[in-house]
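Peer 1: Requesting a structural model of the entry that follows:
(chains A and B)
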Amino acid sequence: DVKVTQSSRYLVKRTGEKVFLECVQDMDHENMFWYRQDPGLGLRLIYFSYDVKMKEKGDIPEGYSVSREKKERFSLILESASTNQTSMYLCASSFDRGQPQHFGDGTRLSIL
Amino acid sequence: AQSVTQLDSQVPVFEEAPVELRCNYSSSVSVYLFWYVQYPNQGLQLLLKYLSGSTLVKGINGFEAEFNKSQTSFHLRKPSVHISDTAEYFCAVNPIKAAGNKLTFGGGTRVLVKP
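Peer 2: Predicted coordinates:
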């Protein structure tokens, strides 16, 4: 089974802090994704990566950055956390187009 | 660009009754279509996908969906639901020729199965 592991299930941080969310997959997938999930809005793509050291902006990249130094690991960085970034964050990975994305269990992030 | 509309945000249904969750999409290019389920406090799991071929697709847990190209719809159905089907369901599309396998999701439909 594909395993996508997010480093924390729950995280509480303060406004202005730099926050790192880590994601690791064990299936040698080329593509990795970060989404945020908010009630009524579904999942919105923040950033994705289709190869090591490659990244592409998604629909809502403002206030976020990403890092992919190794194929199995994709990190989401909140440069200076703000309260409107309180949300559920989901990481996913996949092979090529048409193949399903596999999701981690999510990190519920609260910014106080 | 693509957009996905799930017409019902919440669907209450009695146990053993049928359920249909509606999904419509808009896209200027051909797409692959997916349905995912999210149980409480978990990530998303794939229910089924349509890539090509027969427009009626069967998935896990007794779910099926029908792709209708002319109506740009991909509605999900189950003939008899169980309490364990209580979850949130997401419809998603992926442009066939786009790099990187990006998905665009609908807003989700929360299904509450009542005994």
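Peer 1: Look up which residues are beta-bridged to B:Lys114.
Peer 2: B:Phe14 (DSSP bridges).
Peer 1: who touches it in this structure?
Peer 2: Residues in contact with B:Lys114 (Cβ atoms under 8 Å, 6 or more residues apart in numbering or on different chains) are B:12-15. In short, each C-beta sits where N, CA and C put it, glycine included.
Peer 1: Mind giving me the PyMOL select for the residues you listed, buried ones only?
Peer 2: Buried members of the contacts of B:Lys114, defined by 16 or more other Cβ atoms under 10 Å in any protein chain shown, are picked up in PyMOL with:
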select buried, chain B and resi 13
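Peer 1: and the nearest residue to A:Leu41 once chain neighbours are set aside, what helix or strand is that in?
Peer 2: Residue nearest to A:Leu41 in three dimensions, not counting chain neighbours: B:Gly107, with 6.0 Å by Cβ to Cβ, 6 or more residues apart in numbering or on different chains. B:Gly107 is part of no helix or strand when elements are defined by DSSP states H and E.
Peer 1: coming back round to it: now flag whichever of the contacts of B:Lys114 is closest to B:Leu51.
Peer 2: Nearest to B:Leu51 among the contacts of B:Lys114 is B:Val13, at 28.8 Å by Cβ to Cβ.
Peer 1: Just the pLDDT at the closest one, thanks.
Peer 2: pLDDT for B:Val13: 97.
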